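Asker: here's my sequence, what's the structure:
(2 chains)
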Amino acid sequence: QQQVKQSPQSLIVQKGGISIINCAYENTAFDYFPWYQQFPGKGPALLIAIRPDVSEKKEGRFTISFNKSAKQFSLHIMDSQPGDSATYFCAASMRFNAGKSTFGDGTTLTVKP
Amino acid sequence: NAGVTQTPKFQVLKTGQSMTLQCAQDMNHEYMSWYRQDPGMGLRLIHYSVGAGITDQGEVPNGYNVSRSTTEDFPLRLLSAAPSQTSVYFCASGDRQETQYFGPGTRLLVL
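Answerer: Below you'll find the predicted structure:
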């Protein structure tokens, strides 16, 4: 049973557009929801994260929207740039146990100039 | 700070061989984890540790062993390599603030 489902698998966006990636989770005990960005040949790096006590978190051009009742969260990239082209992973873990994270399958984002 | 370091960067093994993937962190993190990344499957947790002397299994532990004798090091041992273990392996460390920091990865090919 896949506990974190991510969509779409790939996404192509024009420069300046909005990129939206969605994730859904099963386990209601999850309470930490990070997004990671990975460039080819590199390890994932934390981009932004949210806890279920807030519905939205914004850091620069990146926003997480969180819907606890629907068990869904999404990443929005505003004013997408070619440098944002990467693979994005959502993840979920329980309190103080991020070392045991469950990841989505990833979304490959291509931003066309 | 070097962060999380992994060696080797790339390794080719024959079926049945054993090897150890090294992982070290210099951030004094309690938590360390090993993941494997396969195309289209995201990262899957192999083993993790919440401190020296404490390890536990993740989602895909079969064929792998770990130990955590120090806070800094968390080696992953492949006991008898199989082609199904061809993958990219990432080590990560983190503290109670829950951010995980990933190493650069080890690309393993088992023939």
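Asker: so what pLDDT did residue 4 get?
Answerer: I went with chain A, as the question did not name one. pLDDT for residue A:4: 94.
Asker: wait, chain B was what I had in mind.
Answerer: Note for residue B:4: predicted pLDDT of 96.
Asker: from memory residue B:59 sits against residue B:44, does it?
Answerer: Yes. If you go by CB atoms under 8 Å, residue B:59 and residue B:44 touch, sitting 5.1 Å apart. C-betas here are computed from N, CA, C, even on glycine.
Asker: specify the beta-bridge partners of the residue nearest in space to the middle of chain B.
Answerer: Taking CA atoms, centre = their mean as the criterion, residue B:34 is the residue nearest the geometric centre of chain B, at 3.2 Å. In this structure, residue B:34 bridges to residue B:47, residue B:91 when assessed by DSSP bridges.
Asker: OK, contacts around it?
Answerer: Residue B:34 makes contacts with B:21, B:23, B:45-48, B:58, B:64, B:66, B:74, B:76, B:89-92, as judged by CB atoms under 8 Å, 6 or more residues apart in numbering or on different chains.
Asker: residue B:58 too?
Answerer: A:100, B:33, B:34, B:35, B:44, B:45, B:46, B:47, B:48.
Asker: so how far is residue A:82 from it?
Answerer: The gap separating residue B:58 from residue A:82 is 35 Å, by CB to CB, to the nearest Å.
Asker: quick one, strands of the chain?
Answerer: Unless you meant another one, I'm taking chain A. Using DSSP state E, the strands of chain A run over A:4-7, A:10-14, A:19-25, A:33-38, A:45-50, A:56-59, A:62-67, A:72-77, A:86-92, A:102-103, A:107-112.
Asker: not what I meant, chain B
Answerer: Going by DSSP E, chain B shows strands at B:4-7, B:10-13, B:19-25, B:31-37, B:43-51, B:54-57, B:64-66, B:76-78, B:87-94, B:100-102, B:106-110.
Asker: kindly reformat these as JSON lines containing distance to residue A:111.
Answerer: Converted to JSON lines, the strands of chain B look like this (distance: least, CB to CB, whole Å):
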{"stretch": "strand B:4-7", "distance to residue A:111": "28"}
{"stretch": "strand B:10-13", "distance to residue A:111": "29"}
{"stretch": "strand B:19-25", "distance to residue A:111": "32"}
{"stretch": "strand B:31-37", "distance to residue A:111": "22"}
{"stretch": "strand B:43-51", "distance to residue A:111": "23"}
{"stretch": "strand B:54-57", "distance to residue A:111": "39"}
{"stretch": "strand B:64-66", "distance to residue A:111": "37"}
{"stretch": "strand B:76-78", "distance to residue A:111": "35"}
{"stretch": "strand B:87-94", "distance to residue A:111": "24"}
{"stretch": "strand B:100-102", "distance to residue A:111": "23"}
{"stretch": "strand B:106-110", "distance to residue A:111": "26"}
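Asker: so which of the ones you listed is nearest residue A:34?
Answerer: strand B:100-102 (7.6 Å; CB to CB).
Asker: can you list the helices and strands that the closest one packs against?
Answerer: If you count contacts as 3 or more CB pairs under 8 Å, 6 or more residues apart in numbering or on different chains; DSSP states H and E, strand B:100-102 packs onto strand A:45-50, strand B:87-94.
Asker: average pLDDT for the last one?
Answerer: The one in question is strand B:87-94. 96.
Asker: and the angle for that strand with strand B:106-110?
Answerer: 150 degrees (axes from the mean of the first three to the mean of the last three CA atoms, to 10 degrees).
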